[in-house]
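In: Build me a model from this:
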Amino acid sequence: MRVFRSGKKNRRMARGCRGKRYSYPFVDAFIGRSYPAASPLRSCRRYSRCVSWNGEGIRRAMAALVIRNARRINPDDGTDERGDLYIIDGRIAEGSEISPSEAAVFDADGRIVVPALIDLHVHLREPGNEAAETTATGLRAARMAGFGVVVAMPNTIPPIDTPEHVRAALRRAAAVEDGAILLQSACLTRSREGRAVADLEALAAAGASAFTDDGSTPPEDVIMREAMDRAAALGLPILDHAQDPTLERRGVMHEGRCSQRRGVPGIPAAAEIRIIERDIRLARETGARVHIQHVSTAEGVACIRAARAEGLPVSGETTPHHLTWIDEDVRLENPNFKVNPPLRSRADREALIQGVLEGTLSCLATDHAPHTIEAKARGFEKAPPGMVGLETAIGVTWTRLVIEYGMPPIEWLRRWTTGPAAVLGLPPPSLRPGVPADLVLLDVTTPWTVRADWFLSKSRNTPFMGHKLWGRAVAVWKKGRQVREVPWAS
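Out: I've put the predicted structure just below:
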């Protein structure tokens with residue numbers, strides 16, 4: 001690839017092409033323009049002014065960037081090394097492809113650069129509850145928090161159970177500038193009622209990436225078996241909210257001594273275990289790829305461990321809050337502790353942590369569930385379950401797993417990248433040359449305190465407010481372009 005400096009002659013030529021059919025892409029992007037985001041780390045202020053020849057002999061612009069002094073962790077090949085990272089035209093490149101004098105420079109100052117993370121489990125609330133979150137606010141919050149891809153749940157109002165609803169969700173996401181990429185999941189059953197399987201084939205054709213009735217599960221085995229047969233034929237995964245409604249009833253926290261002492265209805269661990277066992281049995285019979293959402297029990301981890309040892313296409317995730325809090329921490333005066341499945345026992349939490357460390361639970365996911373202040377103010381028993389999790393995900397899991405439990409950073413990263421990618425059938429996120437430069441710069445050495453004014457999500461319902469954490473995104477790039485300044489990094 002021929003690369004050379006764009007001098008006065010080239011700039012005059014570019015200006016003369018404005019408005020014409022063959023106008024050059026670099027006219028608006030590079031000539032006389034500053035780099036789109038000022039960095040808290042004194043990053044480059046401009047793109048490099050380079051041009052090259054494309055396959056048709058037409059001169060075009062190149063954006064060349066060098067991220068210097070970085071610790072590069074690549075979950076794809078397991079490398080963890082210090083050095084520079086090179087980007088040309090929005091893709092990671094070999095150093096030999098860039099002339100240092102032509103490239104803009106971002107000084108990482110020893111911080112960690114990784115591929116953007118994947119969140120398998122977010123609620124964007126649109127349509128139907130835009131007061132709590134919208135597609136735009138949720139996707140922007142995700143990108144700035146370090147996520148390049150999110151999977152949105154379909155339990156909206158109305159639910160995403162028709163091709164038209166899938167296409168509408170994807171259109172909304174496509175209009176969001178500087179947001180994470182949206183992968184839209186669709187309902188397993190019509191209207192999420194669990195009575196009849198939705199038109200999975202039409203939903204897949206419309207762009208659905210997975211199927212789930214998240215917030216509930218089809219209670220009848222015959223319905224779930226049909227859904228698995230059809231999902232397997234389509235090659236798409238089922239993400240299941242493993243909670244038996246006949247055992248869940250009106251429970252609001254983990255059933256145990258704490259719930260009994262406080263006099264509130266509990267949800268037994270058996271509600272989760274029964275559905276996980278069913279899902280594994282049906283996965284064995286149908287060959288469907290089944291992913292268990294927000295695993296919360298020790299027995300659930302054990303079931304998934306046995307299924308994976310058997311070679312079944314079964315995977316599982318847990319959330320940052322289930323790795324942190326237990327039922328003893330729940331304060332009834334703070335409904336932000338109310339989640340579904342509930343915060344379980346100390347023994348359950350330790351089993352979840354071990355499951356993540358060993359890879360039985362190959363994914364972490366936020367279950368980002370925004371709610372308005374008014375909704376959460378109804379009292380513990382009447383408030384909706386869920387907490388926001390995008391902005392705190394990196395900090396909570398790095399602090400809990402890497403600092404407190406000694407998890408290798410490469411394995412921590414894989415739970416947020418290659419693990420979710422495998423569930424979705426996506427290529428593994430990577431720092432290999434040729435891969436789109438969707439990147440995150442992590443500061444894991446500076447402690448920070450969770451503050452509401454840093455949130456880009458519309459909602460603030462989290463019990464982590466005021467907690468000190470380690471690890472967060474301080475710069476993000478989307479296809480090689482630095483996204484606007486991270487609000488907490490200034």
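In: what distance separates the helix or strand encompassing Ala422 from the middle of the whole chain?
Out: Assessed by DSSP states H and E, Ala422 sits inside helix 418-424. Centroid displacement of helix 418-424 relative to its chain, using C-alpha atoms, centre = their mean, to the nearest Å, is 11 Å.
In: Next: stretch 111-130.
Out: Using C-alpha atoms, centre = their mean, the offset of stretch 111-130 from its chain centre is 4 Å.
In: Tabulate the CA atom coordinates of it in CSV.
Out: This file holds the C-alpha atoms of stretch 111-130, laid out as CSV (Å, rounded to 0.1, in the frame of the first residue of the first chain):
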residue,chain,number,x,y,z
ARG,A,111,-2.5,1.4,30.6
ILE,A,112,-4.2,-1.7,29.2
VAL,A,113,-5.6,-1.8,25.7
VAL,A,114,-8.1,-4.5,24.9
PRO,A,115,-10.8,-5.3,22.3
ALA,A,116,-14.2,-3.8,23.2
LEU,A,117,-16.2,-6.0,25.5
ILE,A,118,-19.5,-7.9,24.8
ASP,A,119,-22.5,-7.8,27.1
LEU,A,120,-24.9,-10.6,26.5
HIS,A,121,-27.7,-9.2,28.6
VAL,A,122,-29.0,-5.6,28.6
HIS,A,123,-32.5,-4.1,28.9
LEU,A,124,-32.9,-0.9,26.8
ARG,A,125,-36.6,-0.4,27.7
GLU,A,126,-37.6,0.9,24.3
PRO,A,127,-40.4,0.7,23.3
GLY,A,128,-42.6,1.1,26.3
ASN,A,129,-40.5,2.5,29.2
GLU,A,130,-38.4,5.2,27.7
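In: what about that stretch, average pLDDT?
Out: Mean per-residue pLDDT for stretch 111-130: 98.
In: all strands of the stretch 51-200 of the chain, in order?
Out: Along the stretch 51-200 of the chain, the stretches classed as strands by DSSP state E, counting those that start in this stretch are 59-62, 64-74, 79-88, 91-93, 104-107, 112-115, 117-122, 147-152, 181-186.
In: should've said the stretch 201-350 of the chain
Out: Using DSSP E, counting those that start in this stretch, strands in the stretch 201-350 of the chain cover 210-211, 238-240, 253-254, 266-267, 290-292, 314-318.
In: For the residue lying closest to Thr286 once chain neighbours are set aside, give me its contacts.
Out: Spatially, and ignoring its direct neighbours in sequence, Thr286 is nearest to Met228 (4.2 Å; C-beta to C-beta, 6 or more residues apart in numbering). The way it works is simple: take the backbone N, C-alpha and C, and place the C-beta from them, glycine included. Counting by C-beta atoms under 8 Å, 6 or more residues apart in numbering, Met228 touches 238, 282-283, 286, 288, 290.
In: among the helices and strands of this structure, which has the poorest mean pLDDT?
Out: Here the helix or strand of the chain ranked lowest by mean pLDDT, DSSP states H and E is helix 26-29, holding a mean of 25.
In: coming back round to it: make TSV out of the strands of the stretch 51-200 of the chain and add distance to Glu310.
Out: Formatted as TSV, these follow (distance: least, C-beta to C-beta, whole Å):
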stretch	distance to Glu310
strand 59-62	50
strand 64-74	30
strand 79-88	32
strand 91-93	37
strand 104-107	47
strand 112-115	31
strand 117-122	23
strand 147-152	26
strand 181-186	26
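In: So which of those is nearest Pro447?
Out: Nearest to Pro447, of all those, is strand 112-115, at 15.8 Å by C-beta to C-beta.
In: Burial check on the residue lying closest to Gln184 once chain neighbours are set aside, number of neighbours?
Out: Leaving aside its chain neighbours, Gln184 sits nearest to Ala169 (4.6 Å; criterion: C-beta to C-beta, 6+ apart). Around Ala169 sit 25 other residues, with neighbours defined as other C-beta atoms under 10 Å.
In: Model confidence at Ala169, what's the number?
Out: Looking at Ala169, the pLDDT reads 98.
In: What residues does it make contact with?
Out: Per C-beta under 8 Å, 6+ apart, neighbours of Ala169: 126, 135, 152, 160, 182, 184.
In: burial measure for Asp327, as a count.
Out: 22.
In: Could I get the contacting residues of it?
Out: 253-254, 256, 258-259, 342-345.
In: let's go with 10 Å and repeat that
Out: Residues near Asp327 by C-beta atoms under 10 Å, 6 or more residues apart in numbering: 253-259, 262, 266, 337, 342-346, 348-349.
In: Check Trp488 too.
Out: 40, 144-145, 391, 443, 448-451, 453-456, 472-474.
In: In strands only, show me the residues you listed.
Out: Per DSSP state E, strands hold the following members of the contacts of Trp488: 443, 448-449, 472-474.
In: buried subset of the residues you listed?
Out: 443, 448, 472-474 (16 or more other C-beta atoms under 10 Å).
In: gap between the two ends of stretch 279-293?
Out: 12 Å (C-alpha to C-alpha, to the nearest Å).
In: just how off-centre is that stretch within its chain?
Out: 23 Å.
In: Quick check: chain neighbours aside, which residue is closest to Asn69?
Out: Ala108 (5.1 Å).
In: what's that neighbour sitting at in phi/psi?
Out: phi -80, psi -20 (degrees, to the nearest 10).
In: Which residue is the nearest non-sequential neighbour of Lys479?
Out: Lys479 sits nearest to Gly90 (C-beta to C-beta, 6+ apart), 3.7 Å away.
In: next one: Leu441
Out: Nearest to Leu441 is Ala475, by C-beta to C-beta, 6+ apart, at 4.0 Å.
In: Against which helices or strands is the helix holding Ala422 packed?
Out: Using 3 or more C-beta pairs under 10 Å, 6 or more residues apart in numbering; DSSP states H and E, the elements in contact with helix 418-424 are strand 117-122, strand 147-152, strand 181-186, strand 290-292, strand 314-318, strand 363-364, helix 409-416.
In: among these, which is nearest Val435?
Out: Judging those by C-beta to C-beta, what sits closest to Val435 is strand 147-152, at 11.4 Å.
In: So, low pLDDT: which residues of the stretch 201-350 of the chain?
Out: Along the stretch 201-350 of the chain, the model assigns pLDDT under 70 to no residue.
In: Give me the most central residue, this protein.
Out: Asp119 (1.8 Å; C-alpha atoms, centre = their mean).
In: Would you mind measuring from that residue to Thr397?
Out: 12 Å (C-beta to C-beta, to the nearest Å).
In: quick one, domains of the chain?
Out: 4-110, 115-424 (automatic domain parsing).
In: right, so these: which one is the most enclosed?
Out: Ranked by mean neighbour count, the domains of the chain are led by domain 115-424 with a mean of 21 (mean count of other C-beta atoms under 10 Å).
In: my read: Ala168 touches Pro127, true?
Out: Yes. Here Ala168 lies in contact with Pro127, judged by C-beta atoms under 10 Å, at a distance of 8.0 Å.
In: Which residues are in contact with each of these two?
Out: Common neighbours of Ala168 and Pro127 (C-beta under 10 Å, 6+ apart) are 135, 160.
In: ok, now which ones touch the residue nearest to the centre of the chain?
Out: By C-beta under 10 Å, 6+ apart, the neighbours of Asp119 are 142, 145-152, 180, 183, 317, 363-368, 389-390, 393, 416, 420.
In: rewinding a little: for the helix holding Ala422, list the C-alpha coordinates in PDB.
Out: This file holds the C-alpha atoms of helix 418-424, laid out as PDB (Å, rounded to 0.1, in the frame of the first residue of the first chain):
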ATOM      1  CA  THR A 418     -14.400 -14.600  23.700                       C
ATOM      2  CA  GLY A 419     -16.900 -16.300  26.000                       C
ATOM      3  CA  PRO A 420     -19.900 -14.200  24.900                       C
ATOM      4  CA  ALA A 421     -18.700 -14.300  21.300                       C
ATOM      5  CA  ALA A 422     -18.700 -18.100  21.300                       C
ATOM      6  CA  VAL A 423     -22.300 -18.100  22.700                       C
ATOM      7  CA  LEU A 424     -23.400 -15.900  19.800                       C
END
